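[1] fold the following, please.
(one chain, ligands or ions: 3)
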Amino acid sequence: MVKRDRNTVSLSEELKIRDAIAAVRSHTDKMKLAGHLPRAYVMTFGCQGNEADSERLAGLAEAMGYELSPDYEDADLVLVNTCAVREHAEKKALSSIGQLKHVKAKNAGVIIGVGGCMTSQQHRIDKIKESYPYVDFCFTTTELLFVPIYVSDRISGSGRRFPDAKEALGHTDFSEALPIRRESTTHAWVNIMYGCNNFCTYCIVPYVRGRERSRLPSDIYAEVEGLAGEGYHDITLLGQNVNSYGHDLTAGVNFAALLASLSEIKGDFRLRFMTSHPKDATSELITVMSEHEKIAHHFHLPIQSGSDRVLAEMNRRYTRDGYMKIIDELRLKMPDIAITSDVMVGFPGETEADFEMTLDAVRRAEFDMIYAFIYSPRGGTPAAKREDQVLDSVKSERFSRLIECQNEISRAHNEREVGKTLRVLMDDDLSRAKTGRTDGNRQIHVEGNASAGKFVNVLVTRADTYNLFGRAIDGVND
Ligand code: SAH
Ligand code: SF4
Ligand code: F3S
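    Ligands and ions are numbered 1, 2, ... in the order given. You can find the predicted model right below:
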């Protein structure tokens with residue numbers, strides 16, 4: 001791999017983005033003078049990576065002079081950030097884009113842009129161009145920074161804009177200067193890298209997010225330091241494969257070193273990260289986690305399958321035994337650690353025996369919680385071309401058995417927490433329920449004196465399969 005000293009766009013490109021923001025701003029200023037408050041709505045599908053991207057889209061919309069709106073009905077700018085990881089995700093996004101037709105019918109001046117992972121595939125871009133004539137432009141995951149240019153062009157009368165996916169995904173440099181409008185004042189996402197190089201055979205992500213690009217350690221440090229200074233209590237470092245951070249940079253800082261340096265930053269916060277790949281879950285990383293107080297004792301480590309044959313066909317590059325060694329080392333160095341995972345059923349060619357190995361691995365690893373997925377063929381990936389696809393009925397039966405197996409484990413885990421005192425970060429909004437998150441990212445319902453967005457010590461009094469219940473202990477609120 002050719003290492004680079006940075007992955008950011010040139011100054012002239014930054015200036016073009018700034019000019020476009022200013023051009024849209026003068027347009028929205030005119031709307032305001034005419035008595036109309038311009039509004040923007042950002043619709044988000046998909047993972048935390050997309051949530052973080054949407055916070056940038058919202059930041060750009062504000063910089064362009066739009067007020068953020070909780071509803072698209074009265075919006076003057078609608079930006080949709082899509083996901084493509086499973087067929088269901090694409091269907092949901094397409095149906096929501098369908099509903100925007102009447103928004104355009106009501107207000108011909110509304111600008112509608114559709115971006116993200118789904119529209120980083122040529123056939124989806126073509127489909128939107130043809131079947132959704134009210135969509136003004138599409139943008140790929142690598143073009144988010146140029147959205148102000150597309151909005152500005154459209155305002156000044158240019159035609160609809162649809163990218164060539166291959167070409168767009170080739171330009172992967174990002175901007176460090178984009179404004180961010182964060183959803184929460186307690187939890188913050190910090191992207192540390194973009195893209196994925198792993199090409200698991202079932203997965204669309206490397207095709208729609210491009211190759212791995214890391215941010216500079218100094219830029220990440222400055223962002224985390226800023227967030228800690230602003231009082232953020234929970235900071236999650238994001239990447240499709242966070243623990244391969246830095247391999248593409250000449251800076252010579254790996255993920256363990258980055259984490260160690262960030263955990264020296266002053267402030268009352270905990271650090272999390274996701275997602276890790278087992279192939280890069282090193283002893284060095286586990287040791288750093290165990291030695292630095294600010295790093296949450298939580299590890300999300302997708303296993304996907306418990307069968308070595310299936311793992312090899314998925315191109316996961318670890319075996320079941322290799323995976324279990326990581327789990328054992330995590331528990332040895334941090335006995336209180338919460339381990340969560342992603343598990344997939346119904347990969348092509350998965351036999352009943354393979355699936356039983358997955359159940360066995362889930363029992364052996366004793367995850368605190370899993371995200372279970374039914375394999376969904378993704379066009380363009382090697383697994384989708386296989387002829388030995390598993391029947392839908394078999395997939396759903398395996399899915400139910402997997403959930404049942406994990407529920408038993410989760411329940412036992414949660415029951416073991418009863419009687420312990422845990423440090424809980426209360427959610428931002430306690431208007432509906434008084435809930436918070438433990439260090440292990442488990443949801444807990446809290447009674448007693450606990451304020452929104454604050455750390456509080458909670459005595460766990462009760463547990464069920466999905467939840468913990470507890471009482472705030474007086475006098476220890478932050
Ligand atoms: N980069 C992360 C997560 C990627 S997507 C990682 O490698 O773990 C999140 C999860 O979606 C994956 O872990 C996988 O379990 C699931 N997933 C990905 N592609 C899928 C597909 N085609 N069908 C079903 N689930 C899929
Ligand atoms: Fe997809 Fe694998 Fe990359 Fe995760 S590591 S995003 S599952 S290709
Ligand atoms: Fe979906 Fe893209 Fe995330 S495909 S899961 S939004 S990386």
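
[2] isn't residue 92 up against residue 44?
    No: applying CB atoms under 8 Å, one finds residue 92 not in contact with residue 44, separated by 11.3 Å. In short, each C-beta sits where N, CA and C put it, glycine included.

[3] so if I had to pick from those two, which one is more boxed in?
    Under the neighbour definition other CB atoms under 10 Å, residue 92 and residue 44 were set side by side, and residue 44 has more, 21 against 16.

[4] could you measure from that one over to ligand 1?
    Computed as CB to the nearest ligand atom, to the nearest Å, the residue 44 to ligand 1 distance reads 16 Å.

[5] what's near enough to touch that residue?
    For residue 44, the set of contacting residues under the criterion of CB atoms under 8 Å, 6 or more residues apart in numbering consists of 50, 51, 54, 81.

[6] against ligand 1, how distant is the last one?
    Taken as CB to the nearest ligand atom, the spacing of residue 81 relative to ligand 1 amounts to 16 Å.

[7] for the residue of the stretch 251-400 of the chain found nearest ligand 3, which non-adjacent residue is spatially closest?
    For the stretch 251-400 of the chain, the residue closest to ligand 3 is residue 378, as judged by CB to the nearest ligand atom, at 9.0 Å. Take residue 378 and drop its neighbours on the chain: the residue closest to it by CB to CB, 6 or more residues apart in numbering is residue 204, 4.2 Å away.

[8] for the one you found, phi and psi?
    With angles defined as degrees, to the nearest 10, residue 204 sits at phi -90, psi -20.

[9] spell out which parts of the stretch 51-200 of the chain neighbour ligand 2.
    If contact is defined as CB under 6 Å from any ligand atom, the residues of the stretch 51-200 of the chain in contact with ligand 2 are 196, 198, 199, 200.

[10] and the pLDDT at the residue of the stretch 101-250 of the chain found nearest ligand 3?
    Using CB to the nearest ligand atom, the single residue of the stretch 101-250 of the chain nearest to ligand 3 is residue 117, 3.3 Å away. Residue 117 carries a pLDDT value of 98.

[11] what's around it, how many residues?
    Neighbourhood size, residue 117 [other CB under 10 Å]: 28.

[12] before we move on, what about residue 461?
    Other residues near residue 461 number 13, with proximity taken as other CB under 10 Å.

[13] and the gap between it and residue 437?
    According to CB to CB, to the nearest Å, residue 461 and residue 437 sit 17 Å apart.

[14] how about residue 452?
    Shown here: residue 452 relative to residue 437, a distance of 13 Å by CB to CB.

[15] need the overlap of contacts for those two.
    With contacts taken as CB under 8 Å, 6+ apart, the residues that reach both residue 452 and residue 437 are residue 427.

[16] list the contacts of residue 379.
    With contacts defined as CB under 8 Å, 6+ apart, the neighbours of residue 379 are 121, 123.

[17] dump the residue contacts of the residue of the stretch 101-250 of the chain closest to ligand 3.
    By CB under 8 Å, 6+ apart, the residues touching residue 117 are 46, 50, 82, 83, 84, 85, 141, 204, 205, 208, 209.

[18] residue 452 and residue 437: who's more crowded?
    A side-by-side neighbour count of residue 452 and residue 437, using other CB under 10 Å, places residue 437 first with 21 against 14.

[19] is the more buried one in contact with residue 234, as I believe?
    Yes: between residue 437 and residue 234 there is a contact at 7.4 Å, judged by CB under 8 Å.

[20] what touches both of these two?
    Contact with both residue 437 and residue 234 is made by residues residue 425, according to CB under 8 Å, 6+ apart.

[21] now the helices for the stretch 351-478 of the chain?
    Listed in chain order, the helices of the stretch 351-478 of the chain (DSSP state H, counting those that start in this stretch) span 352-365, 392-417.

[22] next, format the residues of the stretch 51-200 of the chain next to ligand 2 as a markdown table and append secondary structure, pLDDT and distance to residue 179.
    Compiled in a markdown table, those are given as follows (DSSP: H, G, I helix; E, B strand; the rest coil; pLDDT from 0 to 100; distance: CB to CB, whole Å):
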| residue | secondary structure | pLDDT | distance to residue 179 |
| --- | --- | --- | --- |
| 196 | coil | 96 | 26 |
| 198 | coil | 96 | 31 |
| 199 | coil | 97 | 33 |
| 200 | coil | 98 | 34 |
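
[23] weed out the non-buried ones from those residues.
    If you count burial by 16 or more other CB atoms under 10 Å, the buried members of those come out as 196, 198, 200.

[24] look up phi and psi at the second one.
    Summarising the backbone geometry of residue 198 under the convention degrees, to the nearest 10, its torsions are phi -80, psi -30.
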